[in-house]
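S.K.: everything below, folded, please.
(chains A and B)
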Number of protein chains: 2
Amino acid sequence: MSFDAWSHAHRARIETALSRFLPGDELRSGELCEAMRYSVLGGGKRLRALLSYAAAEAINAKAAIADHAAAAVEMIHAYSLIHDDLPCMDNDDMRRGKPTNHVKFGEATAMLAGDALQPLAFRVVLDAAQSGASANGIVAATRLLADASGAFGMAGGQAIDLANVGKPMTQDALEEMHALKTGAMFKAAVVLPALLSEAPDPRIAALEVFAQNIGLAFQVVDDVLDATADSETLGKTAGKDAQNEKPTFVSLMGIDAAHTYARALTRNAIAALEGSDMPCSRLIEVAFAMADRKS
Amino acid sequence: MSFDAWSHAHRARIETALSRFLPGDELRSGELCEAMRYSVLGGGKRLRALLSYAAAEAINAKAAIADHAAAAVEMIHAYSLIHDDLPCMDNDDMRRGKPTNHVKFGEATAMLAGDALQPLAFRVVLDAAQSGASANGIVAATRLLADASGAFGMAGGQAIDLANVGKPMTQDALEEMHALKTGAMFKAAVVLPALLSEAPDPRIAALEVFAQNIGLAFQVVDDVLDATADSETLGKTAGKDAQNEKPTFVSLMGIDAAHTYARALTRNAIAALEGSDMPCSRLIEVAFAMADRKS
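M.R.: Prediction:
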């Protein structure tokens, strides 16, 4: 199957899985469930989900196991975007080409929708027993998800980001921030299927090195796109980093060097896999797609 | 040991456990960890923690198991207060007799502190293996915590609350809202130690009925106190419900009838335990203390 056909099929697959795991409208909870579905469904490149499915193929895990990993990571990602877009954070009106959650539902409901997506993501991983995961695998995977989301992961990275607006950062400090802010959840996307399947440690270690490098490459490409693409192509406000005085790889090294650095990181990621005994062709294709994306 | 001595000792115990489970200042994440510690430590009646310790005694579980349950529930409770107090929700300046989190650290850091406390609570339950819990017990307990926090629990109750400000509610609708908004986490506090210890189903069922009744009694007493106590005694703004046009048990049935109802619910809670074969004297004492509290 071509990569285009595979990624198309798996984008459809994660959409179905997310819709199944999300609450419907059965609750009398105002617009909460609608707000949760609004930000999780029907948009995004689903790079994290594709990574989970490709990682599952590399370790011969069932795609049904990857559904739990992919959906959980996409839910945490969606919650983080809802909260990031709020007026007290980035105050953004546009996301994935449509009004942000708080513009559509109001700030209070948007905050609650993010708050409720987080435990739902944990619940989805905890339910991986339905797809054959062991209790030990589930505990290990849920623990990684907790760490990747919290003060030693995504939320910690956002706090470092907040504390450094308008300040110069060294490349090391910038990389450390992004390793937490976006890298931790990319690692979760890649490694969760392996933990749920109790894959051998050397394979998990190779996947971690791969994830670390593509996570950073993703961020470097993100900074380049923010500086070079227009808002319509991005589906969100372009030029935001410079406007918000955020330190980026572009402000640190310029556009051309950032571009070259993203390619080098992608090569490092692929080298980590080539040293393992896994069938990694899909993971490599996802890594290239992430490096070459236009939005 | 007298109840006063027991509750004093276990308030000290949960403080120590929370301090150990919370991150220190080792991170370069701005004020995030300080903001997390600010709202979790050093305050509150710790009713939820006392319930976890008393429930652990009833099922002969180790107090070390209850540490994980009690700390996780107190962390979720603390995060919910931080987010509730934000300007886009209740916009409150005072909590437990000191400035609210966003008054002290700013809105963005307060939101992130709440966001980061949630996965930390999950992590604390997932780590109960350190105190001898089995993987199956941990999965069951973490699943309950996820449900109690999410759209079918606390966050769902808050959304119903938001949607009903200024509107009349029937007693049934009010009770359904509180069963989610505060009841679900009381149930988690009481039942988590039993799930972690893989206690027999009939005991878990009795604990659930107990928790359901004391959870509702707690809310009825809360409404009475909001209408009758002063802000200094409460450690938070009194009279807020009437000011915010929130439907309450006091607005629905008056102060005297609400008081009588809280006592009846407490008796129902105790009756559920007396039908079981558990040594429940501590749980009964906590139930009475909750009904008789002055703040």
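
S.K.: where do the strands sit along the stretch 51-200 of chain A?
M.R.: For the stretch 51-200 of chain A, the strands identified by DSSP state E, counting those that start in this stretch occupy A:94-95, A:98-99, in order along the chain.

S.K.: nearest to residue B:196, out of those strands?
M.R.: Across these, the minimum distance to residue B:196, taken as Cβ to Cβ, is reached by strand A:94-95, at 39.3 Å. Placement of C-beta: from N, CA and C, glycine included.

S.K.: quick one: average pLDDT of that closest one?
M.R.: pLDDT averaged over strand A:94-95 equals 91, rounded to a whole number.

S.K.: neighbours of the residue in the stretch 151-295 of chain A positioned nearest to chain B, how many?
M.R.: With distances taken as Cβ to the nearest Cβ, the stretch 151-295 of chain A approaches chain B most closely at residue A:163, which sits 3.2 Å away. With neighbours defined by other Cβ atoms under 10 Å in any protein chain shown, the count for residue A:163 comes to 16.

S.K.: repeat for the one 5 residues further on
M.R.: Other residues near residue A:168 come to 10 when the count uses other Cβ under 10 Å.

S.K.: the one 4 residues further on too?
M.R.: Neighbours of residue A:172 under the rule other Cβ under 10 Å: 8.

S.K.: what does residue A:22 give?
M.R.: Counted with other Cβ under 10 Å, the burial measure for residue A:22 works out to 18 neighbours.

S.K.: try residue A:16
M.R.: Applying the criterion other Cβ under 10 Å, we find 12 residues in the vicinity of residue A:16.

S.K.: mean confidence for the lengthiest helix in chain A?
M.R.: Looking only at chain A and at elements set by DSSP state H, the helix with the highest residue count is helix A:201-228. Across helix A:201-228, pLDDT averages out at 96.

S.K.: what do you get for stretch A:163-181?
M.R.: The pLDDT scores in stretch A:163-181 average 93.

S.K.: next, the buried residues of that stretch.
M.R.: A:163-164, A:169, A:174, A:176-181 (16 or more other Cβ atoms under 10 Å in any protein chain shown).

S.K.: repeat for stretch A:43-62
M.R.: By 16+ other Cβ under 10 Å, the buried positions in stretch A:43-62 come out as A:43-44, A:46-59, A:61.

S.K.: just how off-centre is it within its chain?
M.R.: Averaging C-alpha coordinates over stretch A:43-62 and over its chain gives two centres that are 11 Å apart (Cα atoms, centre = their mean, to the nearest Å).

S.K.: got the CA coordinates for that stretch in PDB?
M.R.: Extracted C-alpha coordinates of stretch A:43-62, given in PDB (Å, rounded to 0.1, in the frame of the first residue of the first chain):
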ATOM      1  CA  GLY A  43      -9.400  18.200  11.800                       C
ATOM      2  CA  GLY A  44      -5.600  18.100  12.300                       C
ATOM      3  CA  LYS A  45      -2.900  16.200  10.500                       C
ATOM      4  CA  ARG A  46      -3.100  13.300  13.000                       C
ATOM      5  CA  LEU A  47       0.700  13.000  12.900                       C
ATOM      6  CA  ARG A  48       0.600  11.600  16.400                       C
ATOM      7  CA  ALA A  49      -2.000   9.000  15.600                       C
ATOM      8  CA  LEU A  50      -0.100   8.000  12.400                       C
ATOM      9  CA  LEU A  51       3.000   7.500  14.500                       C
ATOM     10  CA  SER A  52       1.100   5.200  16.900                       C
ATOM     11  CA  TYR A  53      -0.200   3.000  14.000                       C
ATOM     12  CA  ALA A  54       3.200   2.900  12.300                       C
ATOM     13  CA  ALA A  55       4.900   2.000  15.600                       C
ATOM     14  CA  ALA A  56       2.400  -0.800  16.100                       C
ATOM     15  CA  GLU A  57       3.300  -2.200  12.700                       C
ATOM     16  CA  ALA A  58       7.000  -2.000  13.600                       C
ATOM     17  CA  ILE A  59       6.400  -4.200  16.700                       C
ATOM     18  CA  ASN A  60       3.700  -6.400  15.100                       C
ATOM     19  CA  ALA A  61       1.100  -5.200  17.500                       C
ATOM     20  CA  LYS A  62      -2.600  -5.200  16.500                       C
END
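
S.K.: pLDDT of that stretch, averaged?
M.R.: Here stretch A:43-62 scores 95 as its mean pLDDT.

S.K.: how about stretch A:19-33?
M.R.: On average, the pLDDT along stretch A:19-33 is 83.

S.K.: now do the same end-to-end measure for it.
M.R.: 11 Å (Cα to Cα, to the nearest Å).

S.K.: how near is residue A:169 to residue A:257?
M.R.: 16 Å (Cβ to Cβ, to the nearest Å).

S.K.: again with residue A:284
M.R.: Residue A:284 sits 24 Å away from residue A:257, taking Cβ to Cβ as the criterion.

S.K.: what does residue A:106 give?
M.R.: 43 Å.

S.K.: so which of the two has more stuff around it?
M.R.: Between residue A:106 and residue A:257, residue A:106 has the larger neighbour count (other Cβ under 10 Å), namely 16 against 13.

S.K.: can you give me the pLDDT of the more buried one?
M.R.: If you check residue A:106, the pLDDT there is 97.
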